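Undergrad: Pasting the sequence and the predicted model now:
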Amino acid sequence: MPLEIRPRSRWTELVLNQPPRNVLDREMLTALVGALDELSAVDAPVLLIKANGKHFSTGYSIKDIPEEVFHRDPSVRALAPFEQLMDRLTNYPAPIVAAVQGDAYGGAVELLACCDLRVAAEGVRLGVPPVRLGLVYSHTGLRRMIRGFGSPMVREMLMTGEAITADRAFRVGFFNRLVAAGELDQSADHLMETMAKGGPSALRGTRRILNLLEEAEVLPDEALNEIAELRHASWSGEEFVKARDAFINKRPSPFAREE
């Protein structure tokens with residue numbers, strides 16, 4: 001079972017359950033989309049997203065990054081399970097909190113950026129390394145990360161491909177709470193209980209307005225077309241093929257230059 005759904009008295013927990021890496025494969029993505037659709041159609045409780053195992057999630061499997069996520073046609077991209085999940089998270093009626101017990105990479109960082117509040121255990125690391133694979137990240141994902149981390153931090157993370165510590169993410173405001181690993185569940189529960197003191201309709205309305213303000217599309221069609229071309233060219237290009245093969249076979253990056 002890739003996903004556990006745990007109803008609590010005042011909220012519902014969605015627990016990624018493919019340890020140790022909790023890869024965002026098609027099965028996991030489909031389970032998350034299905035759970036969000038089902039909960040939205042009933043009473044849309046406040047959500048706490050968690051994970052079992054060493055990592056929160058290492059994102060996509062490098063071997064299985066699908067073309068549809070990098071397709072030129074936005075209608076094709078919109079049908080990709082990953083994009084459907086980001087859409088469901090963004091448009092879920094009630095607030096979403098994430099409790100991060102382990103490292104998160106790639107698409108998992110965007111998943112966290114779609115949440116309203118985030119609590120992390122000390123020692124967690126976050127990384128978004130597509131450039132090291134010769135890939136260009138989506139503008140929608142970058143926008144979500146920029147509003148969570150701020151532009152300077154996102155530029156560093158994306159352009160260097162290096163992971164940052166939870167402490168740095170906390171200092172720029174991405175994490176709302178940073179606690180010892182043994183205190184993570186208690187801290188997340190306290191945050192959920194505090195939020196539950198608010199009116200459900202007021203919480204939903206506030207989340208909706210904030211998301212409308214942050215998600216408003218302002219790029220002209222020409223820019224969107226250019227972005228789509230850059231992303232598809234990266235997925236279908238020689239750089240990605242070389243970097244993917246090097247990663248799978250545990251060889252050094254093909255872009256590294258020896259001194």
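TA: Here it is on my side, so go on.
Undergrad: Off-centre distance for stretch 191-198?
TA: How far stretch 191-198 lies from its chain's middle: 23 Å, per Cα atoms, centre = their mean, to the nearest Å.
Undergrad: Okay, buried residues for that stretch please.
TA: 191-192, 195 (16 or more other Cβ atoms under 10 Å). All C-beta atoms are positioned from the backbone trio N, CA, C, and that covers glycine.
Undergrad: all helices in the chain, in order from the N-terminus.
TA: Using DSSP state H, the helices of the chain run over residues 26-41, 74-79, 81-91, 107-113, 139-149, 151-160, 166-171, 184-195, 200-215, 221-236, 238-248.
Undergrad: Switch those helices over to CSV; also include mean pLDDT and distance to Ala98.
TA: Shown next, in CSV, are the helices of the chain (pLDDT from 0 to 100; distance: least, Cβ to Cβ, whole Å):
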stretch, mean pLDDT, distance to Ala98
helix 26-41, 97, 13
helix 74-79, 92, 24
helix 81-91, 96, 10
helix 107-113, 98, 5
helix 139-149, 95, 11
helix 151-160, 98, 18
helix 166-171, 98, 12
helix 184-195, 97, 8
helix 200-215, 93, 14
helix 221-236, 94, 26
helix 238-248, 92, 27
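Undergrad: how close does Leu112 get to Ala246?
TA: According to Cβ to Cβ, to the nearest Å, Leu112 and Ala246 sit 27 Å apart.
Undergrad: what do you get for Pro20?
TA: Counting by Cβ to Cβ, the gap from Pro20 to Ala246 is 23 Å.
Undergrad: neighbour count winner among the two?
TA: More crowded of Pro20 and Ala246, by other Cβ atoms under 10 Å: Ala246, with 18 against 12.
Undergrad: Could you find the closest non-adjacent residue to the more buried one?
TA: Once flanking residues are discounted, Ala246 sits nearest to Pro254: 5.3 Å by Cβ to Cβ, 6 or more residues apart in numbering.
Undergrad: so that neighbour makes contact with Phe247?
TA: No. Applying Cβ atoms under 8 Å, one finds Pro254 not in contact with Phe247, separated by 9.8 Å.
Undergrad: Done for today, thanks.
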